[in-house]
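K.L.:
One predicted model, sequence on top.
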Amino acid sequence: MLNPDERGQRAQDAVGTAQRIGFDRPGDVPSDSLGYPRASADPAREGLPEYTGERLAYCSGTAREYPGTVEFPEPPGLFGPPCVMSGGSSGGPRITGLNPVTGVGTVVGDNTQSAFFDAKGAPCADPSHDGCARYLVGPQFGSAITEPLYDRARRARVPSRASNRPALKSHRNDRHLRSTWKRPI
């Protein structure tokens with residue numbers, strides 16, 4: 001999605017691997033959420049490099065939809081897996097079908113907020129969240145808003161400071177986001 005660098009390379013060529021992007025995919029499936037959290041909801045993890053914003057952290061599990069609480073309802077489509085990542089992980093991708101060998105999967109949403117569920121799978125009614133599991137949820141990418149925004153950004157030309165070369169043309173079927181992350185085996 002970016003113009004070439006000073007050597008004429010597109011980001012995807014320089015990085016060497018691509019994440020796919022998916023719209024209108026089911027949300028309640030196994031997924032991985034990635035981020036650079038500055039803290040953890042698990043005191044045993046506080047201070048670890050993955051929870052100080054220094055390294056990429058991830059959570060894995062079957063995503064669940066969060067409807068919000070009676071007092072604070074949420075719009076439909078907020079999904080995410082069980083996760084103790086907190087502040088700093090917002091904006092990170094939620095990926096399905098992540099291949100642990102290649103590190104490639106399909107980005108289907110992003111991380112925006114925590115959610116709590118009780119043992120029965122209902123939103124946690126206890127304000128202290130005692131006995132509830134923490135999830136990291138965010139909007140699922142859809143064709144109504146995210147896909148047109150993605151398409152417009154993909155077609156945009158960003159002025160290059162390095163040169164006056166025109167941007168490389170993208171193709172309608174080239175729906176890739178680039179990443180070098182690979183989940184440890």
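P.N.:
Received the coordinates, thanks.
K.L.:
Low-confidence stretches in the protein?
P.N.:
For the chain, the stretches with pLDDT under 70 are 1-3, 158-185.
K.L.:
Ramachandran angles for the residue most central in space within it?
P.N.:
By C-alpha atoms, centre = their mean, the chain has its centre lying nearest to residue 93, at 1.1 Å. Torsion angles at residue 93 (phi, psi; degrees, to the nearest 10) stand at phi -80, psi 150.
K.L.:
can you tell me how far it sits from residue 67?
P.N.:
Noted for residue 93: a distance of 23 Å to residue 67, by C-beta to C-beta, to the nearest Å. Just so you know, the C-beta spots here come from the backbone N, C-alpha and C atoms, and that holds for glycine as well.
K.L.:
so how far is residue 81 from the closest residue to residue 132 other than its chain neighbours?
P.N.:
In space, and not counting its chain neighbours, residue 132 is closest to residue 124: 3.6 Å by C-beta to C-beta, 6 or more residues apart in numbering. According to C-beta to C-beta, residue 124 and residue 81 sit 16 Å apart.
K.L.:
likewise residue 38?
P.N.:
Distance from residue 38 to residue 81, by C-beta to C-beta: 20 Å.
K.L.:
So for these two, which sits in the more crowded spot?
P.N.:
For residue 38 versus residue 81, the count of surrounding residues by other C-beta atoms under 10 Å is larger for residue 81: 20 against 14.
K.L.:
which non-adjacent residue is nearest that one?
P.N.:
residue 61 (3.7 Å).
K.L.:
Same check on residue 86?
P.N.:
residue 39 (4.7 Å).
K.L.:
Next, the one you found: phi, psi?
P.N.:
phi -160, psi 170.
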